[in-house]
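Trainee: make a model of this:
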Amino acid sequence: MKDFAMMQYHPDSESLVKIICNRTENTNPLFFRIHVAWYWSQLASMMRCSIDTLDRNEIPINMYAVNLMTSGAGKGLASNFMEDNVVKKFYSNFKNITMPALANKNLAELSLQRAAQNTTSPEQELSLIQYEYEQECGPYLTSFDSGTPAAVKQARNKLLLANVGSLNLCMDEIGSHLAQNIEILDTLLELYDVGKVKAKLVKHTSDNRRHQEIPGRTPANFLGFGTPASLLNGGKIEEDFYALIERGLGRRTLFGYSRTHEKKFNQTAKEIFDAAKNGQVNQFVIDLANRLKSQSDVSNAHRLLSMPENTTLLFIEYRLDCQRRSEELADHDVMRKAELDHRYFKATKLAGAYAFIDGATEITEEYFDYAVKLVEDSGHSFNKILTRDRKHVKLAKYLGSADQPVTQSDLVEDLPYYRGSASSKQELMQLAISWGYQNNISIKRKFEEGIEFVEGEVLQPTDLTKCVLSHSYDLADGYVNEIAQFNRLHELTSLPGRHWCNHHFVNSRRKEDHAIKGFNLLVLDVENSVSLTVAKSVLKDYLALFYTTKRHTDQENRYRIVIPTNYKLELDAPDYKEFMQNVFKWLPFNVDDGTGQRCKKWLSNQVIDPQGEIVENWEYQNINNSGKMLDVLPFIPKTTKNDDFLKVQVTHSGMDNLERWYLANAGDGNRNNMLLRYAMVLVDSNYDYENCLIKIMDLNSKLDKPLSEGEVHKTIMRSVASKVGLPKITSTN
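Mentor: All right, here's what the predicted structure looks like:
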């Protein structure tokens, strides 16, 4: 058996798929491959084509398919194209010529059999059978989109009388129509393998008489297509669908599942028109339609396709391969195991359909490859369907995509899965918030006049080549909105007399009501707080730009720190102010809290020495060794993470900022390192050895798992002594 990647798709089918892709302007072919294959199976089953396998006796050709793609991808257009241009002549010839001819022949044979059984005349029996066929069973439908089990069995009785034709359920918008057709699908599950189903026992009366049982097989086909969102909606419809899969639909069905479709936007109107009117394309479709019409001739009815030994061995090898892969799955993965175990059977039927369309008399190795190639694609789609988003994930994504805050009533009305008691909804919301935190979706909750509003935002990770800023030579006007590279930010901060902001503005006006939501740079203004050396030491793990202001001296520390945030946030004025207040609480040193406004501006600073040379007054930290960006999630107002952050701040309210910082960052694996860093900051802040020891021991005692006193002396205090210039310590005293 070839590697799956080396196998090819059925050539004529693939040519047709390319034509449909061009007409729908959709470059994703999987949906159309499944669609085309289903129509081929339908035609083969209508002519009662079957396969003479060497290991499973005779099996009919038929196919069940569930084909999902997003709205606007061309699902309806593909179906209409197939029925109006490709299979229309086959349908017409079959219904008007082939089926009546074969039915007349079979009805005559049945009348002779019943006459012999009932000791009546063949003419009398033929009259009764013809009435049953034409009047009681109704006209033959090439396909139907809904029905009842009773109607299916009645239609099946007509097919048994005709000894030709198949039952074909073709359900568009499967998500909307599944609930009304559960019973008929259960009946079709029985018909799949060999076309047999048990009759229902009903009371026999003169007005409602049971039909005489007719032995035979009637193949059935099912195609359900639509959008993933309507079928996998997290509610009752999705539950019913998965119940059907578990009852047997999964192992019998080919699946197509495309979450996205790609439209061609690089074509002109003339190119699209020319592709639709291409003469060669049209001629291919015409030739194919005529060829299919010839396959509906009476002479092709009940064709039995042979399967040579070499092809049979390939199918057995494929079956063993599927079983081996199935054994590797966990025992609880029942639906995947069942689908894998039966892939070879679906591939066998599909190979027969391809052979019938081509007018072949046997299933060669090429048809094996064509079928297995598509069946493996189906398996990948089935796995995607089974790994669908859970309810809380869908809720998080819904909130992230909502244009405005939603209420509880909005959620109940819009989401089929948002049901149940208040506690179950609360649990679902908490799970959504947790999932969103890990997957770049920020979910905020707030109450106004007793009404809860929930708002989600899909957070965009910061691209360091696309930092948001604006700048001007004027205090208030002329601000130019820019997208800049972080590693070139010093070029702006080193210019003479340039005002700059970390937001964009409407109409170049630096004003709060002109500020545009969206920032990914945090700017801290430090005045008369810790030294620049201490600030760099404390923030050594972060990617940052430090630059001094005009009034900075060695005695008066005046500088700015620019740190990129890990996400781009879009906050209004009140939320931005609250966000910045949270950042100020988190910092281990004091900064100017006036920077909590979106329209806050900073001034660049070009330093020139007495000789007239420009002096660099800026320094990047961790610009080349993967320093981390600031995690903004704990600081976003009205979020669960922010609530947790504020609770921790209350717990540590008795400590100074520096103690709180290092205590919050100390864990089991880095206690010694954090205490050492704390000690070095104390030394840089002019603490002597004894006062350092007091402060370090105090902070160590507040850790959940303090270091031993001996370890503090042997490691941390030895480093302190070395830095303050004390003689080498040889003991712990």
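Trainee: any idea how far residue 359 lies from residue 295?
Mentor: Residue 359 sits at a distance of 7 Å from residue 295 (criterion: CB to CB, to the nearest Å). For glycine as for every other residue, the C-beta is placed from the backbone atoms N, C-alpha and C.
Trainee: the two: which is more packed in?
Mentor: In this comparison of residue 359 against residue 295, neighbours counted by other CB atoms under 10 Å, the higher total goes to residue 295 at 21 against 12.
Trainee: surely the more buried one is in contact with residue 91?
Mentor: No. The pair residue 295 and residue 91 fails to qualify as a contact (CB atoms under 8 Å) at a distance of 11.8 Å.
Trainee: now do the shared contacts for those two.
Mentor: Both residue 295 and residue 91 lack any common contacting residue under the criterion CB atoms under 8 Å, 6 or more residues apart in numbering.
Trainee: all helices for the stretch 201-350 of the chain, in order.
Mentor: 228-231, 236-244, 250-252, 269-276, 279-295, 309-327, 334-341, 343-357 (DSSP state H, counting those that start in this stretch).
Trainee: just send these back as JSON lines, with distance to residue 483 too.
Mentor: Formatted as JSON lines, the entries for the helices of the stretch 201-350 of the chain read as follows, by distance: least, CB to CB, whole Å:
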{"stretch": "helix 228-231", "distance to residue 483": "34"}
{"stretch": "helix 236-244", "distance to residue 483": "42"}
{"stretch": "helix 250-252", "distance to residue 483": "49"}
{"stretch": "helix 269-276", "distance to residue 483": "33"}
{"stretch": "helix 279-295", "distance to residue 483": "45"}
{"stretch": "helix 309-327", "distance to residue 483": "48"}
{"stretch": "helix 334-341", "distance to residue 483": "46"}
{"stretch": "helix 343-357", "distance to residue 483": "50"}
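Trainee: quick one: low-confidence parts of this structure?
Mentor: Where the chain drops to pLDDT under 70, the residues are 198-212, 260-267, 272, 274-281, 625, 653-654, 667-669, 727-733.
Trainee: could you chop it up by domain?
Mentor: The chain breaks down into these domains under automatic domain parsing: 4-197+212-386, 391-458, 460-631, 652-724.
Trainee: doesn't residue 175 belong to a helix?
Mentor: Yes. Secondary structure assignment (DSSP: H, G, I helix; E, B strand; the rest coil) places residue 175 inside a helix.
Trainee: scan this structure for its longest helix.
Mentor: Ranked by residue count, the top helix of the chain under DSSP state H comes out as helix 365-386.
Trainee: ok, and what's touching it?
Mentor: For helix 365-386, the surrounding residues in contact (CB under 8 Å, 6+ apart) are 2, 4, 7-10, 13, 30, 33-34, 37, 68, 232, 250, 253-259, 310-311, 314-315, 318, 335-336, 339-340, 343, 346-348, 350-352, 354-355, 360.
Trainee: buried among these? Need that as a selection in ChimeraX.
Mentor: Selecting only the buried members of those in ChimeraX, with burial defined as 16 or more other CB atoms under 10 Å, works like this:
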select :7,9,10,13,30,33,34,37,68,232,250,253,254,255,256,257,258,311,314,315,318,335,336,339,340,343,346,347,348,350,351,352,354,355,360
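Trainee: the closest residue to residue 531 other than its chain neighbours: neighbouring residues, count only.
Mentor: The spatial neighbour of residue 531 that comes closest, neighbours along the chain excluded (CB to CB, 6 or more residues apart in numbering), is residue 557 at 5.3 Å. Here the neighbour count serves as a burial measure; for residue 557 (other CB under 10 Å) it reads 21.
Trainee: with the one 3 residues further on instead?
Mentor: Using other CB under 10 Å, the number of residues around residue 560 comes to 24.
Trainee: can you confirm it is in a helix?
Mentor: No. Counting by three-state DSSP, residue 560 falls outside a helix, being strand.
Trainee: ok so, going back, among the helices of the stretch 201-350 of the chain, which is nearest residue 157?
Mentor: helix 250-252 (23.0 Å; CB to CB).
Trainee: how about the strands in the stretch 51-200 of the chain?
Mentor: Secondary structure of the stretch 51-200 of the chain, counting by DSSP state E, counting those that start in this stretch: strands at 57-60, 64-69, 167-172.
Trainee: what's the most buried one of the ones you listed?
Mentor: Across these, the average number of neighbours (mean count of other CB atoms under 10 Å) peaks for strand 64-69, which reaches a mean of 26.
Trainee: may I have the strands that pair with that strand, each with its orientation?
Mentor: Sheet pairing of strand 64-69 (DSSP bridges) gives strand 220-226 (parallel), strand 253-258 (parallel).
Trainee: and residue 240, how many residues sit next to it?
Mentor: 16.
Trainee: which residues touch it?
Mentor: By CB under 8 Å, 6+ apart, the residues touching residue 240 are 178, 179, 182.
Trainee: the second one contacts residue 236, doesn't it?
Mentor: Yes. Applying CB under 8 Å as the test, residue 179 and residue 236 come out as touching, 7.2 Å apart.
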